[in-house]
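Asks: Any chance you could fold what I've pasted below:
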Amino acid sequence: MPKHNLFKKIALILFALLVPIVALYVLSNRISTDVLRDELNDSNANRLAFFQHQADTTIQSIALWPNLLIHDPDITELRHTFESPVPSLGLDQIMLVKRIQRKLSIQENSSNWSSRLYIYSPVLGRVVSSSNAAPYDPGELTRRLKPGWHVEPAEGGRYLFSLFTISPYVTEERLHNVNLVIEVQFDSSNLVHMLDQFKIGDRRDPFYYMPGVGAIYNSTADSAAADRLVELLEEEGELSTGSRTVTLDGQPYLVYLQKSDIAEWYLIDYIPLAEVMQPIKRTNLLFYVSVGSLLLMGCVMAYVLYAQVQSPLKQLVTSFQRLKLEDYTVRLKPRGKSEFAFVFQRFNSMVEQIQELFNRVYLERLRVQEARLKQLQSQINPHFFHNSISFISSMAKMKNHQAIIAMAENLSSYFRYATRQERDFVTLEEELQFVGSYLEIHKLRRSRLTFSIELPSRLRHLHVPPLLIQPLAENAVRHGIEANGGEGLIRIAVGEADGVCRVTVDDNGKGLNEEARGHLLRRLAEPMDERAGCGLWNVNQRLYLRYGPDAGMRMEPSPLGGLRIVLEWRLAGHAASGAPDAVTAAATDAAASAETPAAESAADEDAYGEAARPISHVHAKARELP
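Replies: Residues are numbered from 1 along each chain as shown. Alright, predicted model coming up:
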């Protein structure tokens, strides 16, 4: 292998990885910039709209003052007291004016804006304010009398906003037949104060502008820049609410406009676009520097990997090839304390364990084959055999030849199947025929027992380990029906759905409560001992080891009134991950197939001492009946 082959490959791979990353980043950066600009426009537009809403709300609340004052009793009295102009006021009229002035002062102080209220009485010929009651010029009032808010220039570059309310209301701006005119005023200093608060700690420079009238700037505004901005906006066309980009003095600005619905002034704000995009530019620079550094570090890492990994990896691959050829004497020599030294140690340990496991399985299979006949002879339940012979004897005395023939045939089928299990698998049809023979024997001995077996034709030739279902039928008879007395009913059904085969055994015996089922579940999870038989424990172990952790038993109340036990496993072609080792499963089935359903002796522990090890958890929920 060339010296720098791995180095070149890793460098090329790293470069190939970085190219799409950079391309995606450029695309993402462009999209992010567009999104940021849109979000910034929305955010600033919303801020301006909120600010304008605050100003409009305050102006609208001030505009409501005259409507409230018209209905005041003192002002109503002022409106109807004088029928013709008088040269002077009496004491009652003076007191009335004083009360009105106090009310005007209270109303003016109710707002945080600096505002003033004036009440013009054409009949009295005076204007009443919070501090004075003096004559006024009707002609000047008629000139200024206009509907809605109107603006007039004031001293100091300020603007004066006025709103007139006439009582009674007339459509023409004249004072004939008018009893009272109320004027509310505020100047632009209130708006300047709000603009100052809006600008604090920010890059913005907001101001108000009304075409044909002028502009209202904040206290620290760049009025020259604002004027040039207004000129550019007016050159583009009629002003309207929204956002746009304007180049001012060679620099792009984001400009936002919001029109007041009440005063009809435009709130204008502008922000330098460069300041907004500056963080993105810094991020771009940092990213490209990082990419360059990553490329450099990748090249260094590629060389280190070549020097530190290539050689140990090559040794490991060569050793695995030898192991594939069944050379279990292969060993690696760890050097130093690196990770590869640890891997080499674990590899050597793994090979030793595999070699030991093969030796152990081989010896176990020999041991099982040698002990098969002795196990079969010792596992036949003497009570079952004795009761069957007694039944034959009784029927012979009664000369019931049909019963004797039936018992003999079923016993023959039963013991022929139980004692000839050289095969690791049988068909479901054969297994259920064996179960039928076993139940038929019990039915002959106990006429009140009935049973049914349902097997779909498509599952008849499905292969299963032998002696898998009969322990469930035996438990139903011995611990369910016989313990309960009365009529006995057992129903065995086989089905398949979604690649899972299910064997269900129902009985109408005494059943088990939830606590008893939980206790039996814990017993199935423990190693087999003298306190528990090996029937259901062995069936559960064989299901787990043969079909994997998805297989097992579960137990629940039966619709017949007793107990339901269900065996479940995935069919071939639907196997889930985690299936056990084929050699271990084969050895286990070879040992388990030798067990007859009534076996609960110490010979079972010898037969399953190694092959049927206890598992860390039990997938099944079934329990062996006490």
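Asks: which residue ranges form the helices in the stretch 251-400 of the chain?
Replies: Under the criterion DSSP state H, counting those that start in this stretch, the stretch 251-400 of the chain contains helices at 273-308, 310-324, 339-379, 382-397.
Asks: And for the stretch 501-626 of the chain?
Replies: 514-525, 535-547, 582-592, 602-607.
Asks: Show me the shaky parts of the chain.
Replies: Within the chain, the ranges that satisfy pLDDT under 70 run 1-7, 79-90, 169-177, 201-203, 362-363, 365-383, 420-422, 525, 527-534, 573-626.
Asks: domains for it, by residue range?
Replies: 54-191, 192-276, 310-360, 393-607 (automatic domain parsing).
Asks: so can I have a markdown table of the helices of the stretch 251-400 of the chain showing mean neighbour count and distance to residue 511?
Replies: Any C-beta I mention is one placed from the backbone N, CA and C, and that applies to glycine too. Shown next, in a markdown table, are those (neighbours: other Cβ atoms under 10 Å; distance: least, Cβ to Cβ, whole Å):
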| stretch | mean neighbour count | distance to residue 511 |
| --- | --- | --- |
| helix 273-308 | 13 | 65 |
| helix 310-324 | 13 | 53 |
| helix 339-379 | 14 | 28 |
| helix 382-397 | 14 | 23 |
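Asks: looking at those, which is closest to residue 546?
Replies: Nearest to residue 546, of all these, is helix 339-379, at 15.2 Å by Cβ to Cβ.
Asks: can you map out the strands along the stretch 51-200 of the chain?
Replies: Using DSSP state E, counting those that start in this stretch, the strands of the stretch 51-200 of the chain run over 115-121, 126-128, 133-135, 150-153, 159-167, 180-187.
Asks: Dump those strands into TSV; add mean neighbour count as well.
Replies: Below are those laid out as TSV (neighbours: other Cβ atoms under 10 Å):
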stretch	mean neighbour count
strand 115-121	21
strand 126-128	21
strand 133-135	13
strand 150-153	14
strand 159-167	19
strand 180-187	21
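Asks: Would you reformat these as CSV and include distance to residue 102?
Replies: Putting these into CSV (distance: least, Cβ to Cβ, whole Å) gives the following:
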stretch, distance to residue 102
strand 115-121, 12
strand 126-128, 11
strand 133-135, 12
strand 150-153, 28
strand 159-167, 20
strand 180-187, 16
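Asks: before we move on, the earlier item: what about the helices of the stretch 251-400 of the chain, which gets the closest to residue 526?
Replies: helix 339-379 (21.9 Å).
Asks: Residue 403 looks like it's in a strand, true?
Replies: No: counting by DSSP: H, G, I helix; E, B strand; the rest coil, residue 403 is not part of a strand but helix.
Asks: That one against residue 444, yeah?
Replies: Yes: counting by Cβ atoms under 8 Å, residue 403 touches residue 444, with 6.1 Å between them.
Asks: Excluding residues flanking it in the chain, which one is nearest residue 76?
Replies: residue 70 (7.7 Å; Cβ to Cβ, 6 or more residues apart in numbering).
Asks: can you pull the contacts of that neighbour?
Replies: 76, 165, 167, 180, 182 (Cβ atoms under 8 Å, 6 or more residues apart in numbering).
Asks: what's the answer for residue 67, then?
Replies: Neighbours of residue 67 in contact, by Cβ under 8 Å, 6+ apart: residue 165.
Asks: And it, how far from residue 54?
Replies: 22 Å (Cβ to Cβ, to the nearest Å).
Asks: still on that earlier bit, pick the most buried one from the domains of the chain.
Replies: With neighbours taken as mean count of other Cβ atoms under 10 Å, these reach their highest mean count in domain 393-607, at a mean of 18.
Asks: by contact count, what packs against whichever strand or helix holds residue 246?
Replies: In this assignment (DSSP states H and E), residue 246 forms part of strand 242-248. Helices and strands touching strand 242-248, by 3 or more Cβ pairs under 8 Å, 6 or more residues apart in numbering; DSSP states H and E, are helix 5-63, helix 223-236, strand 251-259.
Asks: closest to residue 279 out of these?
Replies: Closest to residue 279 of the helices and strands packed on strand 242-248 is helix 5-63 (Cβ to Cβ; 9.2 Å).
Asks: where's that closest one relative to the chain centroid, distance-wise?
Replies: 26 Å (Cα atoms, centre = their mean, to the nearest Å).
Asks: the inter-axis angle of that helix versus strand 251-259?
Replies: Put simply, helix 5-63 runs at 40 degrees to strand 251-259, going by axes from the mean of the first three to the mean of the last three Cα atoms, to 10 degrees.
Asks: quick check: angle from helix 5-63 to strand 159-167?
Replies: 40 degrees.
Asks: quick one: helix 5-63 to strand 242-248, angle?
Replies: 110 degrees.
Asks: Run the angle between helix 5-63 and strand 180-187 for me.
Replies: 150 degrees.
Asks: Now for the residue nearest to residue 283 when sequence neighbours are not counted: which residues touch it?
Replies: Nearest residue to residue 283, sequence neighbours excluded (Cβ to Cβ, 6+ apart): residue 29, at 8.0 Å. For residue 29, the contact set (Cβ under 8 Å, 6+ apart) comprises 280, 283, 284.
Asks: Over to residue 144?
Replies: 150, 152, 162, 164.
Asks: Repeat the analysis, applying 10 Å as the threshold.
Replies: 137, 150, 152, 162, 164, 173, 183 (Cβ atoms under 10 Å, 6 or more residues apart in numbering).
Asks: and if you look at residue 231?
Replies: Residue 231 neighbours (Cβ under 10 Å, 6+ apart): residue 248.
Asks: Please apply the same query to residue 558.
Replies: 476, 480, 489, 491, 504-509, 511, 564-565.
Asks: now, among those, which is nearest to residue 391?
Replies: Distances from residue 391 to these, taken by Cβ to Cβ, are shortest for residue 476, at 20.0 Å.
Asks: The closest one and residue 490, how far apart?
Replies: 5 Å.
Asks: what sits in contact with each of these two?
Replies: In contact with both residue 476 and residue 490: 439, 451, 505, 506, 507, 508, 509, 562, using Cβ under 10 Å, 6+ apart.
Asks: Nearest to residue 23 among those residues?
Replies: residue 505 (63.8 Å).
Asks: Which residue is the nearest non-sequential neighbour of that closest one?
Replies: Residue 505's closest residue in space is residue 472 (Cβ to Cβ, 6+ apart), at 4.3 Å.
Asks: List phi and psi for that neighbour.
Replies: Dihedral pair for residue 472: phi -70, psi -40, per degrees, to the nearest 10.
Asks: re the thing from before, ok, which of the helices and strands packed on strand 242-248 comes nearest residue 557?
Replies: Once those are compared by Cβ to Cβ, helix 5-63 is nearest, at 58.7 Å.
Asks: Report the angle between the closest one and helix 273-308.
Replies: Going by the same axes, to 10 degrees, helix 5-63 makes 160 degrees with helix 273-308.
Asks: what angle sits between helix 5-63 and helix 310-324?
Replies: Using the same axes, to 10 degrees: helix 5-63 against helix 310-324 is 110 degrees.
Asks: Strand 115-121 and helix 5-63, what's the angle between them?
Replies: 30 degrees.
Asks: Hmm, residue 521 is touching residue 555, no?
Replies: Yes: shown here, residue 521 and residue 555 form a contact pair, counting by Cβ atoms under 10 Å, at 7.9 Å.
Asks: Residue 476 and residue 535 touch, don't they?
Replies: No: in this structure residue 476 lies outside contact range of residue 535 using Cβ under 10 Å: 11.4 Å.
Asks: Roughly how far does residue 153 sit from residue 96?
Replies: For residue 153 relative to residue 96 (Cβ to Cβ), the value is 35 Å.
Asks: how about the domains of the chain in JSON lines, adding distance to residue 17?
Replies: Output for these, formatted as JSON lines (distance: least, Cβ to Cβ, whole Å):
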{"stretch": "domain 54-191", "distance to residue 17": "53"}
{"stretch": "domain 192-276", "distance to residue 17": "33"}
{"stretch": "domain 310-360", "distance to residue 17": "20"}
{"stretch": "domain 393-607", "distance to residue 17": "31"}
